[in-house]
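Engineer: sequence first, then the predicted structure, then my questions.
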Amino acid sequence: MINSSRSAAAFSLVEVILAMGVVSFSVLSMLGLLTVGLQSDSASSSETAVTNILTSLVSDLSATPKTSPATDQTSPQFGLPVPMSGNATTNTLFFREDGTVSGTMNQNAVAADRPLYRATVIVVPPASTKGATTVRLLLTWPALADAKGANVPSKQKGSVETVTAFLRN
């Protein structure tokens, strides 16, 4: 008779079920974090694109030539009117994802042009000949949420706003 004293090394069923529970909980937690990370990435991409569009608009407005005597001008890149007196002007431009203009100024957004961002530009002329021209820039997305160019946007998912002033005299 051979007496074998081999001890069997194995996991019990309870240990296996506990290990599977820990692994399942960890995987589900990571999946939850993945969706938060993707949403954060999407939001930061939109905000970066909007910042680039804002920079382009401010650069365009600051590049508008000054005249002596001061007269109304139009910005060179986007054709935004820059009044030197009178009432404020409100204009709307739609932009694609790559920052190019979609359609024409103050026209309704067209889905076929793939607009993603909407820029509302309000230019307030100076109160006196020594005053500054004030510009309020409001960028919202998605553009098709408020597709009418004449309206001030109200249904946006995200928005960025800035106010700047230019001495144009």
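Structural biologist: It's in.

Engineer: contacts only, for Ser102.
Structural biologist: For Ser102, the contacting residues are 94-96, 109-110, 113-115, 143, by C-beta atoms under 8 Å, 6 or more residues apart in numbering. The way it works is simple: take the backbone N, C-alpha and C, and place the C-beta from them, glycine included.

Engineer: so how far is the helix or strand where Thr51 lies from its chain's centroid?
Structural biologist: For Thr51, the host element (DSSP states H and E) is helix 13-62. Here the centre of helix 13-62 is set off from its chain's centre by 17 Å, with C-alpha atoms, centre = their mean, to the nearest Å.

Engineer: and that helix, what does it pack onto?
Structural biologist: Taking 3 or more C-beta pairs under 8 Å, 6 or more residues apart in numbering; DSSP states H and E as the contact definition, the neighbouring helices and strands of helix 13-62 are strand 117-124, strand 132-141, strand 158-167.

Engineer: residue ranges with poor pLDDT in this protein?
Structural biologist: Counting by pLDDT under 70, the low-confidence segments of the chain come to 1-8, 150, 169.

Engineer: ok so, going back, buried members of the contacts of Ser102 into ChimeraX, please.
Structural biologist: Here is the ChimeraX selection string for the buried members of the contacts of Ser102, based on 16 or more other C-beta atoms under 10 Å:
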select :94,95,96,109,114,115,143
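
Engineer: just flag the most distant two among the contacts of Ser102.
Structural biologist: The two members of the contacts of Ser102 with the most space between them (C-beta to C-beta) are Phe95 and Val110, at 13.2 Å.

Engineer: coming back round to it: please identify the most buried of the helices and strands packed on helix 13-62.
Structural biologist: Each of the helices and strands packed on helix 13-62 was scored by mean neighbour count; the highest is strand 117-124, a mean of 22, by mean count of other C-beta atoms under 10 Å.
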